[in-house]
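> here you go, sequence then predicted model.
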Amino acid sequence: MARSDARGGQNGKPLRQATIQEYVEGFGKEKFQGKTNVQWTPNDDYTRLTAFFYVENIFTCVKFIEDLYNLDSETMKQIPGVQILDQDIFKVELHTPKLKGLSYKDLELASMINGFDFTKYKLTPMDDLKQVRRIKRQQQIEAENAQIQDEIAKSAYKFGSKKFRQVE
């Protein structure tokens, strides 16, 4: 006798394509607790969900993997697949091997992953792999802007200090 999933009575069967599409579309439209959502993408036969992240710092990515597996071991016990591609792309893949597809637990784990603070791990969720150039350029611009702001602040401080000395 097949064991029933507590949430939806899966009876040992993977989730239907319509259920997965509904989940993916629902998370694409809303933000989760004010944070950027991860773009979960099903494969062609809807047996796996995949998300990609741009990795700014490999060491914080390793910390993310550790925290992800700790969360999973305390809750879902789904053991997500993780992979680092091209040194700056991180992939998370969800599926349930026993079902040879996706279960409600996979969707719940995806929702929990959406709740992570990706800035803490220096990860940027990507809609697709073509975003890497844009993300790198955006980060370069932000770094240049921060440097310019620092130089302006230093110049203003120096100017203010000289003026203060003249008044004394």
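Arrived safely. Numbers count the residues shown, from 1 in each chain.

> find the nearest non-adjacent residue to W40, please.
Leaving aside its sequence neighbours, W40 sits nearest to L49 (CB to CB, 6 or more residues apart in numbering; 4.7 Å). Where you see a C-beta, it was placed from the backbone N, CA and C, and this is true even at glycine.

> show me what that neighbour is bridged to.
Under DSSP bridges, the beta-bridge partners of L49 are P42, L94.

> how many other residues sit next to it?
24 (other CB atoms under 10 Å).

> any idea which helix is longest in this structure?
Counting residues, the longest helix in the chain under DSSP state H turns out to be helix 132-167.

> buried set for that one?
132, 135 (16 or more other CB atoms under 10 Å).

> in terms of secondary structure, what does that helix contact?
strand 49-55, strand 123-126 (3 or more CB pairs under 8 Å, 6 or more residues apart in numbering; DSSP states H and E).

> now that helix and strand 49-55, what's the angle there?
Angle, helix 132-167 to strand 49-55, by axes from the mean of the first three to the mean of the last three CA atoms, to 10 degrees: 40 degrees.

> so for helix 132-167, what's the average pLDDT?
The pLDDT scores in helix 132-167 average 72.

> can you check stretch 106-115 too?
Mean pLDDT, stretch 106-115: 92.

> please identify the helix or strand for D72.
Assessed by DSSP states H and E, D72 sits inside helix 58-74.

> just the angle between that helix and strand 49-55, please?
Angle, helix 58-74 to strand 49-55, by the same axes, to 10 degrees: 150 degrees.

> hmm, back to that, which stretch in the helices and strands packed on helix 132-167 has the least confidence?
Among the helices and strands packed on helix 132-167, strand 123-126 carries the lowest mean pLDDT, a mean of 89.

> for it, packing partners?
Secondary elements touching strand 123-126 (3+ CB pairs under 8 Å, 6+ apart): strand 49-55, helix 58-74, helix 132-167.

> hmm, 10 Å instead?
Applying 3 or more CB pairs under 10 Å, 6 or more residues apart in numbering; DSSP states H and E, one finds that strand 123-126 contacts strand 49-55, helix 58-74, strand 89-94, helix 132-167.

> okay if I get those as TSV plus distance to E108?
Formatted as TSV, the helices and strands packed on strand 123-126 follow (distance: least, CB to CB, whole Å):
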stretch	distance to E108
strand 49-55	12
helix 58-74	11
strand 89-94	10
helix 132-167	28
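
> show me the contacts for the nearest residue to I79 once chain neighbours are set aside.
Of all residues not flanking I79 in the chain, D72 sits nearest, at 6.5 Å (CB to CB, 6+ apart). D72 sits next to 78-80, 94, 105, 109, 112-113 when contact means CB atoms under 10 Å, 6 or more residues apart in numbering.
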